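K.L.:
Structure, please.
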Amino acid sequence: MSEISPVLLALKEDFEANRDLFIRISDEILSNRISRYPVFAASEDPLELGRLILHTERSETNYNYFVTFLEELIQKQVIEKDKIQLFKEHYKNPELSCCFLLVFSEDAGIVFIPFQEEV
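P.N.:
From the prediction side, this is the model:
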């Protein structure tokens, strides 16, 4: 069994403490048909991406969280045009899980966390 990275442990901790907020925002994006692909960017630093929803100092979270969606990620060239289809194929059901874009110094990655804890 592999060890979970400190970044993922901190993300999971923040998610569990703010699960209702992430669900509510994701539902709003979907129900208002803003996008079929809501994404929450997590970073230690400010990002010029989406809208800030949780700030480390004010929210006592491990990271800053920004809400965005696939279309903005394409527009800002975070996701390259030739990777759009791959992103869509791997994107999990947004009604069941939350998509996080982790942005840390020189590295970035995408992680999905189920809204409901697995039993």
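K.L.:
tell me the phi and psi of residue 50?
P.N.:
When read as degrees, to the nearest 10, the backbone of residue 50 gives phi 60, psi -150.
K.L.:
my bad, residue 28
P.N.:
phi -60, psi -40.
K.L.:
Setting the sequence-adjacent residues aside, check what's closest to it.
P.N.:
residue 34 (7.8 Å; CB to CB, 6 or more residues apart in numbering). Using the backbone N, CA and C atoms, a C-beta is placed for each residue, glycine as well.
K.L.:
could you measure residue 17 against residue 71, distance?
P.N.:
Distance, residue 17 to residue 71, using CB to CB, to the nearest Å: 28 Å.
K.L.:
before we move on, what about residue 85?
P.N.:
Distance from residue 85 to residue 71, by CB to CB: 14 Å.
K.L.:
ranges for the strands of this structure?
P.N.:
38-43, 51-54, 64-69, 97-104, 107-114 (DSSP state E).
K.L.:
a markdown table please, covering these and showing mean pLDDT, mean neighbour count and distance to residue 75.
P.N.:
Shown next, in a markdown table, are the strands of the chain (pLDDT from 0 to 100; neighbours: other CB atoms under 10 Å; distance: least, CB to CB, whole Å):
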| stretch | mean pLDDT | mean neighbour count | distance to residue 75 |
| --- | --- | --- | --- |
| strand 38-43 | 97 | 24 | 13 |
| strand 51-54 | 96 | 16 | 15 |
| strand 64-69 | 97 | 23 | 10 |
| strand 97-104 | 94 | 19 | 14 |
| strand 107-114 | 89 | 13 | 17 |
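K.L.:
Show me which of residue 85 and residue 71 is the more surrounded one.
P.N.:
residue 71 (15 against 9; other CB atoms under 10 Å).
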